[in-house]
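K.L.:
3D, please:
(2 chains)
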Amino acid sequence: MNVASKLESLLIEEFAPQFLTIDNESHMHSGPATESHFKVTLVSARFEGMRAVARHQAVYRSVAELMQNPIHALALHLFTEQEWQEKGQVSPASPTCRGGSKAS
Amino acid sequence: MDIVESIKKQISENSILLYMKGTPQFPQCGFSSRTVEAVMACGHKFAYVNILEHPDIRSELPKFANWPTFPQLWVNGELVGGCDIVTEMAQSGELQPLLDAAVKA
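P.N.:
Residues are numbered from 1 along each chain as shown, chains lettered A, B, ... in the order given. Below you'll find the model as predicted:
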């Protein structure tokens, strides 16, 4: 199973999302890895009443087995249904690479 | 000093503290770059740690923080978040008052 599919199944199981997209952004970054950088946009009722930092920690916990190896960066845009509607159903673009560990 | 102890000391002694890849002048990661820009735009002095030069902090802080990646912004001893959260707070206008209050505290 590829990393995106694995991410997807873990997130569906934990958050029962109303909306979920997973973008593989590895091509935007240095290094040979093809499954290292992902962006997740996730809308779930589970996030009601949770602060941003707690939402992110909950997602990181649910996909802990994939973090560091093989996933190096996971951009998270986590909304409740209401917030998602208010945002106009768009999540922000990720930044481009600046060399990072490979440049040092 | 034990590495977790020195992390705790850094966090408690610096009201605005950014753990990042590279330096504010030369960020070495797009996520760190975007985060440090948002923090600098608020106009306060802040402390930073370049985790590329501190492999021990890089390996230990994620466990302590329950946060696997960098950058990490800490304000008044509390983890605010990484790039996505800090950028969103900057856009919504929440970051400025948070940092203003941290400097006064």
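K.L.:
show me the contacts for the residue of chain B found nearest chain A.
P.N.:
Per Cβ to the nearest Cβ, B:G30 is where chain B lies closest to chain A, at 3.2 Å. Bear in mind the C-beta positions are built from the backbone N, C-alpha and C, glycine included. Residues in contact with B:G30, defined by Cβ atoms under 8 Å, 6 or more residues apart in numbering or on different chains, are A:M28, A:H29, A:S94, A:P95, A:T96, A:C97, A:R98.
K.L.:
Check which residues of the helix ranked longest in chain A are buried.
P.N.:
Ordering each helix of chain A by length in residues (DSSP state H) puts helix A:3-15 first. Taking 16 or more other Cβ atoms under 10 Å in any protein chain shown as the neighbour-count basis, helix A:3-15 is seen to contain the buried residues A:V3, A:K6, A:L7, A:E8, A:L10, A:L11, A:E14, A:F15.
K.L.:
Next, name the residue at the spatial heart of chain A.
P.N.:
A:V40 (3.0 Å; Cα atoms, centre = their mean).
K.L.:
can you give me the helices in chain B?
P.N.:
Counting by DSSP H, one finds helices in chain B at the ranges B:3-13, B:30-40, B:55-65, B:83-92, B:95-104.
K.L.:
hang on, the earlier thing: and the buried residues of helix A:3-15 as CSV, adding pLDDT and distance to B:A105?
P.N.:
Compiled in CSV, these are given as follows (pLDDT from 0 to 100; distance: Cβ to Cβ, whole Å):
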residue, pLDDT, distance to B:A105
A:V3, 96, 42
A:K6, 96, 43
A:L7, 97, 39
A:E8, 97, 42
A:L10, 97, 39
A:L11, 98, 37
A:E14, 97, 36
A:F15, 98, 35
